[in-house]
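In: I'd like to go over a predicted model; first the sequence, then the structure.
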Amino acid sequence: MAIDTDQFYGGTRSLSVTFDGRNAPDVGIAQFIPVKPDTDYEFSAESRTQDIDSASGPRFAIADAYTKSSYVLTDDLLGTNPWHKQQARFHTGPSTNLLLLKVIRQPAAPLIRGKLWIDDVRLVETTNKVGS
(Lines give C-alpha, C1' and ligand atoms only; values in the text may rest on other atoms or scores of the structure.)
Protein backbone atom coordinates (compact mmCIF):
# COMPACT_ATOMS: atom_id res chain seq x y z
CA MET A 1 0.00 0.00 0.00
CA ALA A 2 1.13 3.53 -0.72
CA ILE A 3 -0.09 7.08 -1.15
CA ASP A 4 0.13 7.86 -4.88
CA THR A 5 0.51 11.50 -5.91
CA ASP A 6 0.64 10.67 -9.66
CA GLN A 7 -2.72 8.86 -9.98
CA PHE A 8 -5.82 10.35 -8.37
CA TYR A 9 -9.47 11.06 -9.12
CA GLY A 10 -9.99 14.15 -6.99
CA GLY A 11 -7.61 16.16 -4.87
CA THR A 12 -3.89 15.45 -5.12
CA ARG A 13 -3.43 11.79 -4.15
CA SER A 14 -5.00 8.35 -3.93
CA LEU A 15 -4.36 5.10 -2.11
CA SER A 16 -2.65 2.49 -4.28
CA VAL A 17 -2.46 -1.22 -3.57
CA THR A 18 -0.09 -3.50 -5.47
CA PHE A 19 -0.82 -7.23 -5.54
CA ASP A 20 2.30 -9.33 -6.17
CA GLY A 21 0.78 -12.68 -7.08
CA ARG A 22 0.38 -14.10 -3.59
CA ASN A 23 -2.85 -14.85 -1.79
CA ALA A 24 -4.28 -11.67 -0.24
CA PRO A 25 -7.58 -12.32 1.59
CA ASP A 26 -8.13 -8.62 2.12
CA VAL A 27 -6.31 -5.43 1.27
CA GLY A 28 -5.63 -4.44 4.88
CA ILE A 29 -7.89 -1.38 4.76
CA ALA A 30 -10.64 -1.03 7.36
CA GLN A 31 -12.60 1.88 8.81
CA PHE A 32 -15.16 1.94 11.62
CA ILE A 33 -17.98 4.40 10.90
CA PRO A 34 -20.54 5.53 13.49
CA VAL A 35 -24.06 5.66 11.98
CA LYS A 36 -27.66 6.16 13.06
CA PRO A 37 -29.98 3.17 13.38
CA ASP A 38 -32.90 2.85 10.93
CA THR A 39 -31.39 5.43 8.54
CA ASP A 40 -30.72 5.61 4.78
CA TYR A 41 -27.12 5.94 3.58
CA GLU A 42 -25.29 6.14 0.26
CA PHE A 43 -21.78 4.74 -0.14
CA SER A 44 -19.52 5.73 -3.04
CA ALA A 45 -15.86 5.34 -3.94
CA GLU A 46 -13.79 5.95 -7.05
CA SER A 47 -11.46 3.16 -8.13
CA ARG A 48 -9.05 2.44 -10.97
CA THR A 49 -7.37 -0.87 -11.82
CA GLN A 50 -4.36 -1.94 -13.84
CA ASP A 51 -3.87 -5.56 -14.88
CA ILE A 52 -5.77 -7.10 -11.94
CA ASP A 53 -5.52 -10.81 -12.70
CA SER A 54 -7.37 -13.17 -10.35
CA ALA A 55 -10.49 -15.27 -10.05
CA SER A 56 -11.49 -12.96 -7.17
CA GLY A 57 -10.75 -9.24 -7.33
CA PRO A 58 -10.93 -6.66 -4.55
CA ARG A 59 -14.35 -5.23 -3.61
CA PHE A 60 -15.79 -2.81 -1.08
CA ALA A 61 -17.74 -4.35 1.81
CA ILE A 62 -19.79 -2.62 4.50
CA ALA A 63 -21.21 -4.59 7.43
CA ASP A 64 -22.57 -4.02 10.92
CA ALA A 65 -19.44 -3.96 13.10
CA TYR A 66 -21.09 -6.05 15.83
CA THR A 67 -23.48 -8.49 14.12
CA LYS A 68 -21.47 -8.74 10.85
CA SER A 69 -24.74 -8.33 8.88
CA SER A 70 -23.78 -7.24 5.35
CA TYR A 71 -25.10 -4.00 3.87
CA VAL A 72 -22.86 -3.54 0.82
CA LEU A 73 -20.70 -5.85 -1.28
CA THR A 74 -19.67 -4.27 -4.58
CA ASP A 75 -18.68 -6.13 -7.73
CA ASP A 76 -15.08 -7.30 -7.81
CA LEU A 77 -12.53 -5.14 -9.61
CA LEU A 78 -10.66 -7.00 -12.35
CA GLY A 79 -8.61 -6.20 -15.45
CA THR A 80 -7.62 -2.67 -16.43
CA ASN A 81 -10.23 0.05 -15.98
CA PRO A 82 -10.19 3.87 -15.82
CA TRP A 83 -11.54 5.71 -12.80
CA HIS A 84 -15.14 4.70 -12.13
CA LYS A 85 -17.59 5.05 -9.28
CA GLN A 86 -18.73 2.13 -7.14
CA GLN A 87 -21.87 3.04 -5.23
CA ALA A 88 -24.66 1.54 -3.18
CA ARG A 89 -27.61 2.74 -1.13
CA PHE A 90 -28.77 0.95 2.01
CA HIS A 91 -30.86 1.30 5.17
CA THR A 92 -29.32 0.52 8.57
CA GLY A 93 -31.06 -1.86 10.94
CA PRO A 94 -32.93 -0.78 14.08
CA SER A 95 -29.93 -1.46 16.33
CA THR A 96 -27.05 -0.70 13.95
CA ASN A 97 -24.86 2.14 15.21
CA LEU A 98 -21.39 1.18 13.95
CA LEU A 99 -20.35 -0.04 10.50
CA LEU A 100 -17.11 -1.58 9.30
CA LEU A 101 -15.94 -0.64 5.81
CA LYS A 102 -13.28 -2.93 4.30
CA VAL A 103 -11.73 -3.75 0.95
CA ILE A 104 -11.97 -7.53 0.75
CA ARG A 105 -11.75 -10.43 -1.68
CA GLN A 106 -14.53 -12.97 -1.73
CA PRO A 107 -13.59 -15.74 -2.06
CA ALA A 108 -10.25 -14.83 -0.50
CA ALA A 109 -8.06 -17.74 -1.62
CA PRO A 110 -7.15 -17.17 -5.31
CA LEU A 111 -3.78 -15.66 -6.14
CA ILE A 112 -3.90 -12.04 -7.34
CA ARG A 113 -1.62 -9.76 -9.34
CA GLY A 114 -2.02 -6.13 -10.46
CA LYS A 115 -2.70 -2.68 -9.05
CA LEU A 116 -5.69 -0.90 -7.52
CA TRP A 117 -6.17 2.80 -6.79
CA ILE A 118 -8.87 4.12 -4.43
CA ASP A 119 -10.03 7.72 -4.05
CA ASP A 120 -13.02 9.80 -2.85
CA VAL A 121 -14.52 7.23 -0.46
CA ARG A 122 -17.77 8.59 1.00
CA LEU A 123 -20.65 7.50 3.18
CA VAL A 124 -23.45 10.04 3.48
CA GLU A 125 -26.85 10.02 5.14
CA THR A 126 -29.61 10.46 2.55
CA THR A 127 -33.05 11.97 2.92
CA ASN A 128 -34.67 9.84 0.22
CA LYS A 129 -35.90 6.42 1.29
CA VAL A 130 -33.94 3.48 -0.17
CA GLY A 131 -36.14 1.87 -2.79
CA SER A 132 -38.05 5.12 -3.55
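Out: In hand now; what should we look at?
In: quick one: low-confidence parts of the chain?
Out: 23-25, 128-132 (pLDDT under 70).
In: contacting residues around the residue nearest to the spatial centre of it?
Out: Centrality entry for the chain: nearest residue to the mean C-alpha point is residue 60, 2.4 Å, by C-alpha atoms, centre = their mean. Taking C-beta atoms under 8 Å, 6 or more residues apart in numbering as the contact definition, residue 60 lies against 43, 45, 72, 73, 74, 86, 101, 102, 103. Just so you know, the C-beta spots here come from the backbone N, C-alpha and C atoms, and that holds for glycine as well.
In: Residue 106 now?
Out: Residue 106 neighbours (C-beta under 8 Å, 6+ apart): 56, 59, 61, 73, 76.
In: quick one: strands adjacent to the helix or strand hosting the third one?
Out: What that stands for is residue 61. Assigned by DSSP states H and E, residue 61 belongs to strand 58-64. Using DSSP bridges, strand 58-64 pairs in its sheet with strand 70-73 (antiparallel), strand 98-105 (antiparallel).
In: nearest to residue 116, of those strands?
Out: strand 98-105 (8.0 Å; C-beta to C-beta).
In: OK, contacts around the closest residue to residue 100 other than its chain neighbours?
Out: Excluding its sequence neighbours, the residue lying closest to residue 100 (C-beta to C-beta, 6 or more residues apart in numbering) is residue 65, at 4.4 Å. Contacts were defined as C-beta under 8 Å, 6+ apart; by that measure residue 65 touches 32, 98, 99, 100.
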